[in-house]
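S.K.: Pasting the sequence and the predicted coordinates here, then a few questions.
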Amino acid sequence: MLIFVLRRLALSVAIVAIAVVLLNAMLHLVPGDPTVMILGPRATPELIERTREAMGLDRPFYIQTLTFFGNLLRGDMGVDVFTGRSVASIVFSQLPYTLTLIAASIVWSAALGIVIGCYSAFRRGSWIDLSAGVLSVSTISVPSFVMALYGLLIFAVGLRWFPAVGAGTGFWGQAHYLVLPAFAIGISWVGYIARVVRASMLEILGANHVRMARAFGLTERRIVFSYALKIAVLPAVTLIGTGVVHLFSAAVFAEVIFSRPGIGALIVNAVNERNYPIVLGCILVTTIVIVLATLVSDLVNAWLDPRIREAL
Amino acid sequence: MSEMTETTLLSVHDLSIDFFRSGAKLHALRHVDLEVRPGRIVGIVGESGCGKSTLASSLIGLLAGNAEIVSGSIEFEGQDLARLSTRQMRAVRGRRISMVFQDPMTALNPVVTIGRQMIDIQYREKRSSAEKRRIAAEMLRTVGIPDAESRLSAYPHQFSGGMRQRICIGMALLMEPALLIADEPTTALDATLEVQVIKLLKELQQQFGCAIVFVSHHLGTVAELCDEVVVMYAGEVVERGAVRDIFRKPSHPYTQALLECDPARIKTPTRELPTIPGTLPDLAHPPKGCIFRERCPKAFARCEVEAPADYAAEGAEHRARCHLLDGKARGTA
């Protein structure tokens, strides 16, 4: 188990390193010179040259990448071109907002999705099952930013139940501001998770071991909650683990639409300004979070299923 | 039967079960009678699809959702199981009747420890969980699992197939039921394990004194284990009697054909195994007359028009549904 975690962490480092190299390469392919953005259109060629030198942009691509890695090992992610603040402090000040948003979206959508999925499986073919099926497919097919826009229009502008922009302060204040963005991101996941849980629950309820549990007179409640559910949520856990990527991209939209602080809002501005250090810092942190999320989902599955635990 | 003096534990009378499948009604069981006395082992034999598993499932109320009991009764300890509600049936399951399934590899829950599963099935008992655990460990020892205490915290996949079937048998006997239903418990095991499991069943049956309904298509194991045999064909009981009578003096042409097809009985080496020509009749529209008529080498005119009654055959309580026995029955009467 420990060996598995260590091996996975080593693999995660390798994945992050590859991502950084690819990102460095891609950023240099994007048209637009950061020095021009910083200094403005009236900068003299000499000034531009000097700034390029100071930022290390005159050196070859591989030297720039290696320097980045070197600095990274010392915990230095570079400085913001405009403000001169350290990238690390900017990124880590924004990260909690995004993580809270993603976590809130996962928690509410998983809880509701599992309940709906199980209920649909127990009452297969009932009108609740059928309407849950139709609703799932419709919510899955609507992009999260459309949900966000309509959520904003109806609940914030129209009904004025929830605030439209910002992040709020204090626990309840933040929670209040979280509702609409978390709803927009999570709604399609309710459908996904409900579908996956329903399918696996149906399979398990027809399994031989459930038949055997019934032959021993165990109550349906016990069969479902202590015997079947643990197996039925396995695919949903994997789905969420790999889906954190999509949750991040949905968070970008939500943060822009709701003007929330966060990695998504940060990255969009940084890309528009060709603020390379910030972009790199954001992507780096995001990649680490995504890689860790898959690791966590594997560990949760291992905790639920002894067969997976042993395979580790 | 009515002439029996011993009390019966289980008495299935005139049981008919239909299956609804893609709009058609399959008459899977038709007018089945079955008697099980306390402490006896009754074998149910027949080829695949003859309804033996359906009969076994009906005894514990675990029929598939598309099955319906059309007629008949399943008398067990003074109740008609065919008429019990789900809740009432659950009170019988696992306590008075328990079941061992065909495939030990999938019968145990893969994510719950053996100990937890053995403790959970004792949920009706007012014992402390330490006591339940001790009883579970004792049962594991009884069914021959070495190092029982520590194995309680193991998961099913950490046991071999033979071990898992032993555990299933142990679990089935844990509540000391009056009737154990074993639905082809050795079919998924290889030959050596099969012998061990049969031996274990026999020992435990003597120790616990429960009756067993043993479903199998393996004539050898039935001959070895059972006291009485019920031969089923296409959803009907065609012959029943003491194991000796069935194997020595099979009276129904189907039983005779079945015994001839048993590879263990072939004396001269042959390249082709004997088979019964023809196939099972369409159970959506069972033919008039005798159900085995189309494949029967001894069929005659009467078999086409009249379904044979339950005639007495040679031996005590030996009965078969074949017109050929009609004369004999009249002779002995």
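M.R.: Arrived safely, thanks for sending. These numbers were taken from a predicted model, which means no experiment stands behind them. Numbers count the residues shown, from 1 in each chain, chains lettered A, B, ... in the order given.
S.K.: which residues does residue 210 contact?
M.R.: Let's take chain A. With contact taken as Cβ atoms under 8 Å, 6 or more residues apart in numbering or on different chains, residue A:210 is in contact with A:204, A:223, A:227, A:228. In this view, the C-beta of every residue, glycine as well, is placed from N, C-alpha and C.
S.K.: You answered for a different chain; I wanted chain B.
M.R.: B:39, B:173, B:176, B:177, B:178, B:179, B:180.
S.K.: which one is residue B:125 nearest to, not counting chain neighbours?
M.R.: Closest residue to residue B:125 apart from its sequence neighbours, by Cβ to Cβ, 6 or more residues apart in numbering or on different chains: residue B:132 at 6.9 Å.
S.K.: What are the phi and psi values at residue A:203?
M.R.: phi -60, psi -40 (degrees, to the nearest 10).
S.K.: The residue lying closest to residue A:263 once chain neighbours are set aside and chain B, how far apart?
M.R.: Distance criterion Cβ to Cβ, 6+ apart; nearest residue to residue A:263, sequence neighbours excluded, is residue A:98 at 4.2 Å. Look at residue A:98 and chain B: by Cβ to the nearest Cβ, to the nearest Å, they are 34 Å apart.
S.K.: re earlier: closest to residue B:111 among the contacts of residue A:210?
M.R.: Residue B:111 has its nearest neighbour among those in residue A:227, at 7.9 Å by Cβ to Cβ.
S.K.: ok, that closest one touching residue B:109?
M.R.: Yes - with contact defined as Cβ atoms under 8 Å, residue A:227 counts as touching residue B:109 (5.0 Å).
S.K.: Next, show the common contact partners of the two.
M.R.: Counting by Cβ under 8 Å, 6+ apart, the residues touching both residue A:227 and residue B:109 are A:209, A:213.
S.K.: Just the C-alphas of stretch A:238-247, formatted as PDB.
M.R.: Written as PDB, here are the backbone C-alpha positions of stretch A:238-247 (Å, rounded to 0.1, in the frame of the first residue of the first chain):
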ATOM      1  CA  THR A 238     -13.400   6.500 -10.500                       C
ATOM      2  CA  LEU A 239     -15.600   8.800 -12.600                       C
ATOM      3  CA  ILE A 240     -15.300  11.600 -10.200                       C
ATOM      4  CA  GLY A 241     -11.500  11.100  -9.800                       C
ATOM      5  CA  THR A 242     -10.900  11.300 -13.600                       C
ATOM      6  CA  GLY A 243     -13.600  14.000 -13.900                       C
ATOM      7  CA  VAL A 244     -11.700  16.600 -11.800                       C
ATOM      8  CA  VAL A 245     -10.200  17.800 -15.000                       C
ATOM      9  CA  HIS A 246     -13.600  18.600 -16.300                       C
ATOM     10  CA  LEU A 247     -14.600  20.200 -13.000                       C
END
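S.K.: ok, back up a step: which of the contacts of residue A:210 are buried?
M.R.: Buried by 16 or more other Cβ atoms under 10 Å in any protein chain shown: A:204, A:223, A:227, A:228, out of the contacts of residue A:210.
S.K.: For chain B, tell me which of the residues you listed show up nearby.
M.R.: The subset of these within reach of chain B, by Cβ under 8 Å from any Cβ of the partner chain, is residue A:227.
S.K.: Mind listing what's buried along the helix or strand encompassing residue A:13?
M.R.: Element membership of residue A:13, judged by DSSP states H and E, is helix A:2-29. Across helix A:2-29, burial judged by 16+ other Cβ under 10 Å covers A:8, A:12, A:16, A:19, A:20, A:23, A:24, A:27.
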